[in-house]
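Colleague: sequence below, structure please.
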Amino acid sequence: MRVAAVLLLCVATAGAAAAAPGASQGLPPEVLFKQFDLFGTWASDCAAAASPANPHITIRQPAPGVILEDHDLGPHNVVNRYSVLAAERLSATKLSLQVIFQPGSEDEERQKLVWAVKGDTLRTLFNQPNDGPARVKNGVALKYGAETPLLRKCK
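Modeller: Purely as a prediction, here's the structure:
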């Protein structure tokens, strides 16, 4: 009878953990973003103006549970916005993200990203829409054959 009770308790606990939102995903994204010190502005050259060659990327939390990442490519370009849905630590220097690109627009698209974060630097290693081919692989933008920019945290 005790064995049956223990088994029932194990099954009930496992079921509750599987049903709990985010239970299998570990820490909430905002906790991981704080651990990786990601909130703030990033650029290849913080002193230079935003441009396609020098994107200024701002990561902020405007409300609890909401993380937005804005890519400013300069005055003649639309700001690319990403809304972070989930984050997972892959290693001490890698973070995997599930995001929505251009949330609420007709260009809205779910994507998977992987970032390398080392000290005060950030680089996109991987980017793939959920229903499409990879755009960035191993830190290389496949369309251009060029490495993604190494961004530094602006002070």
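Colleague: give the buried residues for stretch 55-64.
Modeller: Pro55, His56, Ile57, Thr58, Ile59, Gln61 (16 or more other CB atoms under 10 Å). Bear in mind the C-beta positions are built from the backbone N, C-alpha and C, glycine included.
Colleague: just how off-centre is stretch 99-118 within its chain?
Modeller: Centre-to-centre, stretch 99-118 and its host chain are 7 Å apart (CA atoms, centre = their mean, to the nearest Å).
Colleague: and that stretch, which residues are buried?
Modeller: Val99, Ile100, Phe101, Gln111, Leu113, Val114, Trp115, Ala116, Val117.
Colleague: and the strands in the chain?
Modeller: With DSSP state E as the criterion, the chain has strands at 40-43, 56-63, 66-72, 80-89, 94-101, 109-118, 121-129, 136-137, 140-141, 146-147, 151-153.
Colleague: if I look at the closest residue to Arg135 other than its chain neighbours, how far off is His76?
Modeller: Closest residue to Arg135 apart from its sequence neighbours, by CB to CB, 6 or more residues apart in numbering: Asn127 at 4.7 Å. Distance of Asn127 to His76, computed by CB to CB, to the nearest Å: 23 Å.
Colleague: just Phe101 next, same as before
Modeller: According to CB to CB, Phe101 stands 20 Å off from His76.
Colleague: tell me, what residue is most central in the protein?
Modeller: Closest residue to the average C-alpha location of the chain: Leu97 at 3.5 Å, with CA atoms, centre = their mean.
Colleague: just the pLDDT for that residue.
Modeller: Per-residue confidence (pLDDT) for Leu97: 98.
Colleague: who does it form a beta bridge with?
Modeller: Beta-bridge pairing of Leu97 under DSSP bridges involves Ala87, Leu113.
Colleague: is it true that it touches Ser83?
Modeller: No. Leu97 lies out of contact with Ser83 (CB atoms under 8 Å); the separation is 10.4 Å.
Colleague: shaky segments in the protein?
Modeller: Scanning the chain for pLDDT under 70 picks out 1-25.
Colleague: quick check: the residue nearest to Arg135 vs Gln35, distance?
Modeller: Asn127 sits 22 Å away from Gln35 when distances are taken as CB to CB.
Colleague: which one of these two is surrounded by more residues?
Modeller: Asn127 (20 against 13; other CB atoms under 10 Å).
Colleague: isn't that one right next to Pro133, touching?
Modeller: No. At 10.5 Å, Asn127 does not count as touching Pro133 under the criterion of CB under 8 Å.
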